[in-house]
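Colleague: Build me a structure from this.
(2 chains)
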Amino acid sequence: MIIQTQNLQFGFKKDQPIIKDLNLNVEKGSIYGFLGPNGAGKTTTMRLILGLLPNPENNIRIFGKTLSDNRLDIFSRIGSMIEIPSLYEHLTGWDNLEITRRIKGVSKKRIDETLELVKLTHAAHKKVKAYSLGMKQRIGLAVALLSEPELLILDEPTNGLDPNGMIETRELLIRLNKEAGTTIFLSSHLLSEVEKMATHVGIIHKGSMLFQGTIQELGTLKSRQAMLCFDTSNNLKALELLNPQFQVTLNGNGLKTSFQDREQAAHINRLLVQNEIDVYQLAVMDNDLEKLFLQITEESAV
Amino acid sequence: MATLGTVYQTELIKSKNTFALWLACLGAGFMPALMFVVYLTKWETFVPQKGANSWNQFSFANFQGVSFFFIPFFVVLLCSLVMNIEHKSNTWKYLLTLPVSRLSIYVNKLSIILTLTVLTYVLFIVFLLAAGVVLGILRPKLGFLDQTLAFDGLLKLAFRSFVSTLAMLAIHYWLSIRIKNMIAAIGIGLICIVTATILFKRWEYAIYYPYTFTMYTIFSSDKSVKVLASHELYSLGYFVIITIAGYIDFSRFYKG
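Modeller: Sure, this is the predicted structure:
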């Protein structure tokens, strides 16, 4: 495991936790997409991992070590970009890289290589102040990539990029992962984007991890979790009738059971009609996770 | 792993194109330029009497001019501007995740502020001498070209004045790390400086109040102070204690 947290907790106030019992596992060589709507706690988790928020529990391990005792060693192996890129806007793009280069002790030619990688060679000697949002995002990425780190921690790396820039960044990250074996932990609020590059996914909502697993496991999740909701002329009779076969429960004024497939819905409908119960409504309802999926996918359409 | 020297160099890179750097130059030139204009236009009143030395009077007038409000405000402003480089760029979170110890960050930032302060004092003396020479050429009766300057006395005064700023510098270095809003940090500084000008020589304990130290230095400049006056020793003491306390706070509690 490259990053591992155990029951990670965080809150500015005791009774209002922002992160609840988070168990994060980022495997070596993976591209881990950390997915959740805005305000779910993605950035907070990343800040905690990087020691930018207090964590007295000390239950975060990076490269198998805790940050408190191995700060310099861990940081020399990480490249990160949290929220908006941290850039000295009064300096040129080149100077920004030079600062990191000196501190990380990287060779000078890496600056040219990295600028080439993010396609900013032409703007190297312009002040960052004059950069567009997309260019700032790319120079921020360059700062993170400069030292060829083993682990990249990127918060919304394609934020502010145009569609072309998004594709280029995605391809760059996939290439780094394949060729250099770089482990990439990145956050996003777009399912569509994560699906295109991640090998692993973690979904966070209101500070809790709703799902964690491979991208394939994610695909099989949706059908299992939906509910079948229906309303009839005689719900009590319907409950009695269906219960030996299906786990039916009262749901407000109606009934519900876990949704398996379309045939199940047809079967329930037939049973009810044959027993002279009128069916007013029969629908597959999304569960919370699915609503969350919708939220994540809808936002990607905008 | 970065050495202390490397981090200092990166701090120098960061000060490029900043107002902090300009402040060091402009701040140094302001009072000599002002005094130059006053001497040039009202030169008759400054023609030295027998036995008096124009250089000593001119340099004393300059030092007196800067000691009461100018230097304290300069220190407050400089600390805020240097630390604002990180606040404004939102780069604390980047700086604190580089493989550099907190001690190194803290020491090197402080070193940059001290470097700029020393630079300002050096430039101040250079501008002061240049202004005197030009005055000597333009207004020969002022006698700048005929007399010699007691240079060691001037250097000693500059050194003592620098030492007297250290207490304020340590306070505002810490404040400027902690207070992200530069205007708030400067506001606190202004209130403290105004308080100092009110308390100076009116309250017996004002000599323990850091913001009066540069005033006490110029006030005791003609007395026989061997190396440092007592309030300058307090300044050093405050500097050491506050710098250490600030470091403990920065290393344990500051999260960017």
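Colleague: Closest residue of the stretch 151-300 of chain A to chain B?
Modeller: Closest residue of the stretch 151-300 of chain A to chain B, CB to the nearest CB: A:Ile153 (8.7 Å). For glycine as for every other residue, the C-beta is placed from the backbone atoms N, C-alpha and C.
Colleague: my guess is that residue meets A:Ile78, correct?
Modeller: Yes - the pair A:Ile153 / A:Ile78 is scored as a contact, 6.3 Å apart, by CB atoms under 8 Å.
Colleague: centre of the chain versus the lengthiest helix in chain B, how much separation?
Modeller: Longest helix in chain B, counting residues (DSSP state H): helix B:102-138. Relative to its chain's centre, helix B:102-138 lies at 8 Å (CA atoms, centre = their mean, to the nearest Å).
Colleague: what ranges of chain B fall below the confidence cut-off?
Modeller: B:1-4, B:221-223 (pLDDT under 70).
Colleague: Next one: A:Lys253, what pLDDT does it get?
Modeller: You called it Lys, but residue A:253 is Asn. pLDDT for A:Asn253: 78.
Colleague: show me what contacts it?
Modeller: A:Asp231, A:Asn235 (CB atoms under 8 Å, 6 or more residues apart in numbering or on different chains).
Colleague: Now do the phi/psi pair for it.
Modeller: When read as degrees, to the nearest 10, the backbone of A:Asn253 gives phi -90, psi -10.
Colleague: A:Gln281 versus that one, what's the distance?
Modeller: From A:Asn253 across to A:Gln281, the span is 10 Å (CB to CB, to the nearest Å).
Colleague: tell me the contacts of the residue of the stretch 151-300 of chain A closest to chain B?
Modeller: Applying CB under 8 Å, 6+ apart to A:Ile153 gives the contacts A:Met46, A:Ile49, A:Leu50, A:Ile78, A:Gly79, A:Ser80, A:Met81, A:Ile82, A:Ala144, A:Phe185, A:Leu186.
Colleague: I'd like these as CSV, with neighbour count and pLDDT appended.
Modeller: Listed next are the contacts of A:Ile153 as CSV, based on neighbours: other CB atoms under 10 Å in any protein chain shown; pLDDT from 0 to 100:
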residue, neighbour count, pLDDT
A:Met46, 25, 95
A:Ile49, 27, 94
A:Leu50, 24, 93
A:Ile78, 24, 94
A:Gly79, 24, 94
A:Ser80, 25, 93
A:Met81, 27, 92
A:Ile82, 24, 89
A:Ala144, 24, 93
A:Phe185, 26, 96
A:Leu186, 25, 95
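Colleague: Can you show me the helices along the chain?
Modeller: Going with chain A. In chain A, the helices defined using DSSP H lie at A:42-49, A:67-75, A:93-104, A:109-117, A:133-145, A:163-175, A:191-197, A:215-219, A:221-225, A:235-242, A:262-274, A:288-301.
Colleague: ah, no, chain B please
Modeller: So, for chain B - with DSSP H - the helices run B:4-15, B:19-41, B:54-67, B:70-89, B:92-95, B:102-138, B:151-178, B:182-199, B:213-219, B:230-253.
Colleague: Show me what counts as buried in the fourth one.
Modeller: Within helix B:70-89, the residues that qualify as buried by neighbour count (16 or more other CB atoms under 10 Å in any protein chain shown) are B:71-87, B:89.
Colleague: any idea of the angle that helix forms with helix B:54-67?
Modeller: Relative orientation of helix B:70-89 versus helix B:54-67 (axes from the mean of the first three to the mean of the last three CA atoms, to 10 degrees): 50 degrees.
Colleague: Tell me what angle helix B:70-89 forms with helix A:93-104.
Modeller: 90 degrees.
Colleague: List the contacts of stretch A:205-220.
Modeller: Applying CB under 8 Å, 6+ apart, the external contacts of stretch A:205-220 come out as A:17-25, A:33, A:36-37, A:40-41, A:44, A:195, A:198-204, A:221, A:288-289, A:292.
Colleague: Excluding chain neighbours, what is closest to B:Lys141?
Modeller: Nearest non-adjacent residue to B:Lys141, counting by CB to CB, 6 or more residues apart in numbering or on different chains: B:Val47, 5.3 Å away.
Colleague: Check the gap between the one you found and B:Ser54 for me.
Modeller: Applying CB to CB to B:Val47 and B:Ser54 gives a distance of 8 Å.
Colleague: Return every residue with contacts to both of those two.
Modeller: Both B:Val47 and B:Ser54 are in contact with B:Leu142, B:Gly143, where contact means CB under 8 Å, 6+ apart.
Colleague: Among these two, which residue is more densely surrounded?
Modeller: B:Ser54 (23 against 12; other CB atoms under 10 Å in any protein chain shown).
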